[in-house]
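Participant: just to be clear, the model below is a prediction. Sequence and coordinates:
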Amino acid sequence: MAINAILLVNPSTMGKIDAAAIASGIGGYGLMQAAGAHVAACVLRYYPAMVRAIIFCGPGNNGGDGHVAARLLAESGVDVCRYGVEPRPGGDAARAHADCPGKILPLADWCPEPGDVIVDALFGAGLDRPVNDEVAALIERAKAAETPVVAVDLPSGLSGRTGQPTGACFQACHTVTFAALKPGHLLMPGRALCGEMHLCDIGIPARLITGDDPISCNHAGLYNDYLPAADPAQHKYKRGHLVVFSGRLISGGAARLAASAGLHAGAGLVTLATPPGAVMVQATHLTAVMQRSVKSADDLDQWLEDPRLAAFVLGPGFGDLDKARDFVTPLGGANRPVVLDADGLSAFAGDTERLGGLFLGETRLVITPHEGEFRRLFAELSDDPQLSKIDRARAAAKILNAVVVYKGPDTVIAAPDGRAAVNAGAPPWLATAGSGDVLAGIIGALLAQGMPPFEASCAGVAMHGQAGDRAGRAMTAEDLPPHIAPL
Ligand SMILES: NC(=O)C1=CN([C@@H]2O[C@H](COP(=O)(O)OP(=O)(O)OC[C@H]3O[C@@H](n4cnc5c(N)ncnc54)[C@H](OP(=O)(O)O)[C@@H]3O)[C@@H](O)[C@H]2O)[C@H](O)CC1
Ligand SMILES: [K+]
């Protein structure tokens with residue numbers, strides 16, 4: 001009996017898990033009764049003052065969960081009204097319906113009343129198209145009446161795979177799901193449409209809650225074994241020398257944020273590679289961060305002969321896109337990890353083939369695009385409505401042979417080998433100017449300390465979120481670096 005709180009399982013895989021559980025001798029009706037019991041318990045816990053429980057039941061097993069919840073709520077003394085359609089004959093849902101007293105009324109018969117609480121058991125993992133007009137109208141009526149909604153498995157109208165509504169979609173206050181989360185429970189806007197999540201054990205053994213698709217929440221198990229060790233014998237060069245490329249005279253702050261973050265994230269040394277015209281201005285701001293004037297790609301080429309330069313961050317406030325392309329070329333050939341952010345990505349808009357061609361072989365490129373930067377690099381992926389954010393990040397990772405940190409409230413970290421992690425816990429106030437610069441510096445520092453790119457990116461995103469939690473909601477990006485701490 002278990003839940004898997006880190007694996008993310010597509011609805012199609014969830015169906016296979018259900019089938020495997022049933023094949024192992026666990027009755028499907030037993031699963032449904034357990035699911036319905038968790039739904040009823042959620043309603044009773046959060047809505048003790050409800051006047052009526054309004055159960056919307058669909059034709060399938062999601063509806064079946066609803067019939068079980070309806071019976072249990074009625075047995076608990078709740079005034080229960082069921083609306084929807086008869087379940088298909090012969091299955092577990094039909095049995096749940098038969099076991100539940102009372103009849104099912106047409107959806108259109110529901111008239112909202114104060115004290116109503118909706119249990120949305122219309123569609124769950126089986127949703128594969130927009131809900132029809134009748135359901136769309138029902139959703140609108142529920143929204144207009146501000147009737148609280150407890151969704152079974154997923155709010156009806158929400159794709160469990162992509163986190164995108166297929167059309168009209170309930171806004172739930174609570175969502176009760178089973179065995180493992182689906183990507184749509186974490187990806188936006190799905191996470192917002194689910195309201196408070198409740199992941200419940202319905203009796204499926206842990207050994208069966210697995211998937212052949214390596215998608216998970218971002219969690220310590222992904223990177224713990226690769227974190228830099230605090231080795232007393234280490235000297236600063238052993239802890240890695242990170243280079244951050246600075247912008248021009250009036251746009252050096254972003255690189256300073258990345259550089260400061262790099263030191264706080266454990267890089268032994270951080271050097272700002274600065275255009276000659278900005279060296280003096282940058283020098284007035286720097287203390288522990290060193291500086292080197294780098295004027296041209298030739299200058300950089302020569303400096304790269306120093307093997308102690310362990311990792312590079314280019315992009316924050318860089319400004320000159322032509323120069324960015326000129327610098328990324330030798331960086332690609334240096335065979336050391338590189339983080340490209342902001343202008344380092346915009347410099348290759350519409351030219352991902354050239355960028356990918358610079359980083360062939362062992363994966364050593366990490367890109368950290370936000371939505372707009374991702375679209376500028378991968379317009380065709382961004383325009384494909386069938387693709388989830390995970391699909392897009394994975395496709396981009398393969399195209400570039402890079403780890404993609406696709407930022408947002410639902411940051412997706414994807415590797416060329418298919419691994420993907422969704423980071424859903426970062427505080428919303430991290431969405432502020434300069435926050436991405438800090439993240440680039442953290443990941444650069446972890447790479448400089450020898451972490452592999454995917455693990456460094458997952459750990460960096462986690463460190464960034466924790467720094468944001470510690471800095472508090474009034475933070476600005478400048479407040480972040482001192483709050484960066486090892487995981
Ligand atoms: N371990 C678990 O997660 C368990 C989950 N359970 C519940 O089972 C559902 C999944 O049940 P399923 O019958 O596969 O699918 P749904 O109930 O979600 O959908 C039923 C059918 O509805 C049709 N459909 C799909 N989208 C639409 C739409 N927009 N409008 C109208 N009809 C639609 C589709 O059938 P078609 O033949 O018409 O294509 C669906 O098959 C899961 O969500 C859980 O709640 C188990 O009860 C316990 C274990
Ligand atoms: K539902």
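Facilitator: Okay, I see it. Ligands and ions are numbered 1, 2, ... in the order given.
Participant: from ligand 1, how far out is the closest residue to residue 165 other than its chain neighbours?
Facilitator: Nearest non-adjacent residue to residue 165, counting by Cβ to Cβ, 6 or more residues apart in numbering: residue 157, 5.1 Å away. The way it works is simple: take the backbone N, C-alpha and C, and place the C-beta from them, glycine included. In this structure, residue 157 and ligand 1 are 7 Å apart, going by Cβ to the nearest ligand atom, to the nearest Å.
Participant: touching, residue 157 and residue 171? I think so.
Facilitator: No: counting by Cβ atoms under 8 Å, no contact exists between residue 157 and residue 171, whose distance comes to 9.7 Å.
Participant: which one's more surrounded, these two?
Facilitator: Neighbour tally, residue 157 and residue 171, criterion other Cβ atoms under 10 Å: the higher count belongs to residue 157, 24 against 19.
Participant: residues in contact with that one?
Facilitator: Taking Cβ atoms under 8 Å, 6 or more residues apart in numbering, we find residue 157 in contact with 123, 127, 130-131, 135, 139, 165-170.
Participant: pretty sure residue 417 is in a helix, no?
Facilitator: No: counting by DSSP: H, G, I helix; E, B strand; the rest coil, residue 417 is not found in a helix; it is coil.
Participant: got a list of what it touches?
Facilitator: When the contact criterion is Cβ under 8 Å, 6+ apart, residue 417 has no partners at all.
Participant: any idea how far it lies from residue 202?
Facilitator: As defined by Cβ to Cβ, to the nearest Å, residue 417 lies at a distance of 32 Å from residue 202.
Participant: likewise for residue 280?
Facilitator: In this structure, residue 280 lies at 66 Å from residue 202, with Cβ to Cβ as the measure.
Participant: which residue of those two possesses the greater neighbour count?
Facilitator: Remark: of residue 280 and residue 202, residue 202 carries more neighbours, 23 against 11, as counted by other Cβ under 10 Å.
Participant: name the helix or strand for the more buried one, please.
Facilitator: For residue 202, there is no helix or strand it lies in under DSSP states H and E.
Participant: now the residue of the stretch 301-450 of the chain at minimum distance from ligand 2: closest residue in space that isn't a chain neighbour?
Facilitator: When you check the stretch 301-450 of the chain against ligand 2 by Cβ to the ion, the closest residue turns out to be residue 388, at 19.0 Å. Of all residues beyond its chain neighbours, the one nearest residue 388 is residue 162 (3.8 Å), with distances taken as Cβ to Cβ, 6+ apart.
Participant: determine the three-state secondary structure at that neighbour.
Facilitator: The local conformation at residue 162, judged by three-state DSSP, is coil.
Participant: my guess is it contacts residue 187. True?
Facilitator: Yes: under the criterion of Cβ under 8 Å, residue 162 is in contact with residue 187, at a separation of 6.7 Å.
Participant: can you tell me which residues in this protein are near ligand 1?
Facilitator: For the chain, the residues found near ligand 1 under the criterion Cβ under 6 Å from any ligand atom are 14-15, 18, 31-32, 35, 58-65, 123-132, 152-153, 178-179, 202.
Participant: okay, and which of the residues you listed map to strands?
Facilitator: Where those overlap with strands, as defined by DSSP state E, the overlap consists of 152, 178.
Participant: just the CA coordinates of the host helix or strand of residue 460, formatted as CSV?
Facilitator: In this structure, residue 460 sits in helix 453-471 according to DSSP H and E. Extracted C-alpha coordinates of helix 453-471, given in CSV (Å, rounded to 0.1, in the frame of the first residue of the first chain):
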residue,chain,number,x,y,z
PRO,A,453,24.9,19.3,-15.7
PHE,A,454,21.5,17.7,-15.0
GLU,A,455,22.2,17.2,-11.3
ALA,A,456,23.8,20.7,-11.0
SER,A,457,20.7,22.2,-12.6
CYS,A,458,18.2,20.3,-10.4
ALA,A,459,20.2,21.2,-7.3
GLY,A,460,20.7,24.8,-8.5
VAL,A,461,17.0,25.3,-9.0
ALA,A,462,16.3,23.8,-5.5
MET,A,463,19.0,26.1,-3.9
HIS,A,464,17.5,29.1,-5.7
GLY,A,465,14.0,28.3,-4.4
GLN,A,466,15.2,27.8,-0.9
ALA,A,467,17.2,31.1,-1.0
GLY,A,468,14.0,32.8,-2.1
ASP,A,469,12.1,31.3,0.8
ARG,A,470,14.7,32.5,3.3
ALA,A,471,14.9,36.0,1.7
